[in-house]
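In: Structure, please.
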Amino acid sequence: MGRILSEKDVEAAVKGGSVYAAGGGGWADHGRMLGYAAVSIGKPELVSVEELADRDWIATAAAIGAPASTTAWEMRGVDYIKAVQLLQDALGEKLAGLMVGQNGKSSTLNGWLPSAALGLKVVDAVGDIRAHPTGDMGSIGLAGSPEPMIQTAVGGNREENRYIELVTRGSTAKVSPILRTASDMSGGFIASCRNPVRASYVRDHAALGGISLALKLGEAIIAAEGKGGSAIIDAIVKTTGGAILVDGKIAKKAVTYTSEAFDVGTVTLENGAVLHVMNEYMAVEDRDGARQATFPDVITTLSRDGEPLSVGQLEEGMQIFVLHVPKSIIPLSSSVLDPSVYPHVERTMGIELARYALAKED
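Out: Residues are numbered from 1 along each chain as shown. A predicted model of the protein is given here:
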């Protein structure tokens, strides 16, 4: 049966989500705000997709934007709720539950508040266990779909009159850039609800159990706190089933913010290992250029204290540990196995991803 999410689950979701954020942004404090608001106004319930009827509607609660941006973004809890209400109005039917596109510092909790406020379920399914740079990568196979989809966006800086409410209909590929533009115009970060599909579709295409994985990891991290950084790193390695791929000092950080609102570049360690970045860590190569890890593997940088570090926190001279969890041991959604989601990211980064990501054997 379902699990009522409580106050103690908020910190676990933020901490576990921060590891699966894979160097991506998002804000832990934003996640805490959403989580504590949810458990104070209602009883958000985490359910497996098996507990819903095949014909039940599930939509994706998301936040869209560039977490690295320095703009005056403003996103309130009510914006997440309004985005879901607008989608339900456009759909003409009530949703049964909300899933999220990815885990992350705040994205693991994106569905909690609107679910608590509107009496929906938090569905234990994600578009991708880890965070990723493009919405397509978490779109559970809808990226190339010609089917018209409903997507909504709500939020913005009120003082600067940037507040926007938007309801769009169209194929995901055409509509997603509109939402990114709205996010930029609103101040850089906007709440969204999108792509209502039947529960049977989610069961076949999403990464199931993704929220539970983040909670379990967060609980292990909290249990290890107070025993020192190495105990926390050990707990992360043991709980994820991953390994520390490489560790050392950062020799060079060459990451730049692009006009498409992505952070793109490389982080090189003193031992020659290179981390390839597009908002998140997408690949790791050794000093000879041999590929050691590639999305959708989980790739995360940890400090000596065991804190998951986002790309923005990295500085030259810093000692880091690189966690690697191979894709073979995590649930994979149909969108990370969809060849169409890779060319744009490969072009932006200038490296091959699909050949490794879609290979059957690790």
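In: worst-scoring helix or strand of this structure, pLDDT-wise?
Out: helix 172-186 (a mean of 88; mean pLDDT, DSSP states H and E).
In: Mind checking what helix or strand follows that one in sequence?
Out: Toward the C-terminal end, the helix or strand that comes next after helix 172-186 (DSSP states H and E) is strand 189-198.
In: Give the burial count for Glu159, as a bare number.
Out: For Glu159, the neighbour count with other CB atoms under 10 Å is 10. No exception for glycine: its C-beta is placed from N, CA and C like everyone else's.
In: how close does it sit to Asp184?
Out: 17 Å (CB to CB, to the nearest Å).
In: tell me which residues form a beta bridge with the closest residue to Ser18 other than its chain neighbours?
Out: Excluding the flanking residues, the one nearest Ser18 by CB to CB, 6 or more residues apart in numbering is Pro308, at 4.3 Å. Per DSSP bridges, residues listed as beta-bridge partners of Pro308: Leu302.
In: wait, what's in contact with Asp56?
Out: For Asp56, the contacting residues are 96-97, 198-199, by CB atoms under 8 Å, 6 or more residues apart in numbering.
In: which one of these is nearest Ile232?
Out: Gly97 (32.5 Å; CB to CB).
In: which phi and psi does that closest one have?
Out: phi -160, psi 170 (degrees, to the nearest 10).
In: who touches it in this structure?
Out: Contacts for Gly97 (CB under 8 Å, 6+ apart) come out as 47, 52, 56, 58, 111, 115, 120-123, 199.
In: how many other residues sit next to the closest residue to it other than its chain neighbours?
Out: Closest residue to Gly97 in three dimensions, ignoring its sequence neighbours and counting by CB to CB, 6+ apart: Lys121, at 3.7 Å. By other CB under 10 Å, 24 other residues sit near Lys121.
In: which phi and psi does Lys121 have?
Out: According to degrees, to the nearest 10, Lys121 has phi -90, psi 150.
In: That one and Leu52 touch, don't they?
Out: Yes - checked against CB atoms under 8 Å, the pair Lys121 and Leu52 is within contact range at 7.0 Å.
In: Next, show the common contact partners of those two.
Out: With CB under 8 Å, 6+ apart as the test, Lys121 and Leu52 both reach 96-97.
In: what sits against the residue nearest to Asn279 when sequence neighbours are not counted?
Out: For Asn279, ignoring the flanking residues on the chain, the nearest one in space by CB to CB, 6+ apart is Pro133 at 4.2 Å. Applying CB under 8 Å, 6+ apart to Pro133 gives the contacts 24, 262, 278-280, 282, 345.
In: same thing but at 7 Å, please
Out: 262, 278-280, 345 (CB atoms under 7 Å, 6 or more residues apart in numbering).
In: Out of those, grab the one that's most surrounded.
Out: That'd be Met278 among the contacts of Pro133, by other CB under 10 Å, with 28 neighbours.
In: Just say helix, strand or coil for the nearest residue in space to it that is not next to it in sequence.
Out: Spatially, and ignoring its direct neighbours in sequence, Met278 is nearest to Pro133 (4.4 Å; CB to CB, 6+ apart). Following DSSP: H, G, I helix; E, B strand; the rest coil, Pro133 is assigned to coil.
In: Check Pro133 and give its pLDDT.
Out: At Pro133, the model reports a pLDDT of 91.
In: ok, now the one 10 residues further on?
Out: Looking at Ala143, its pLDDT stands at 85.
In: For Tyr201, see how far away the residue nearest to Ser18 is.
Out: Taken as CB to CB, the span from Pro308 to Tyr201 is 31 Å.
In: Pick out whichever of these two has more residues nearby.
Out: Neighbours were counted for Pro308 and for Tyr201 using other CB under 10 Å; Pro308 has more, 25 against 18.
In: Run a quick neighbour tally on Lys17.
Out: Heads up, residue 17 is Gly, not Lys. Every residue meeting other CB under 10 Å relative to Gly17 is counted, giving 32.
In: What are the contacting residues of the strand or helix carrying Leu245?
Out: Applying DSSP H and E as the criterion places Leu245 in strand 243-257. Under the criterion CB under 7 Å, 6+ apart, residues 68, 237, 263-271, 273, 277, 284, 292-293, 311, 314-324 lie in contact with strand 243-257.
In: Just the ones in strands from those residues, please.
Out: Those of the contacts of strand 243-257 mapping onto strands are 263-269, 277, 284, 292-293, 319-324, per DSSP state E.
In: could you give the angle of the strand holding Leu245 to strand 263-269?
Out: 130 degrees (axes from the mean of the first three to the mean of the last three CA atoms, to 10 degrees).
In: can you list the weak-confidence ranges in the stretch 151-300 of the chain?
Out: Residue ranges of the stretch 151-300 of the chain with pLDDT under 70: none are present.
In: who's in contact with Thr258?
Out: Going by CB under 7 Å, 6+ apart, the list of residues near Thr258 reads Val264.
In: What residue spans form the domains of the chain?
Out: 3-210, 228-357 (automatic domain parsing).
In: Of all the ones you listed, which one is nearest Ile221?
Out: Nearest to Ile221 among the domains of the chain is domain 3-210 (4.7 Å), distances taken as CB to CB.
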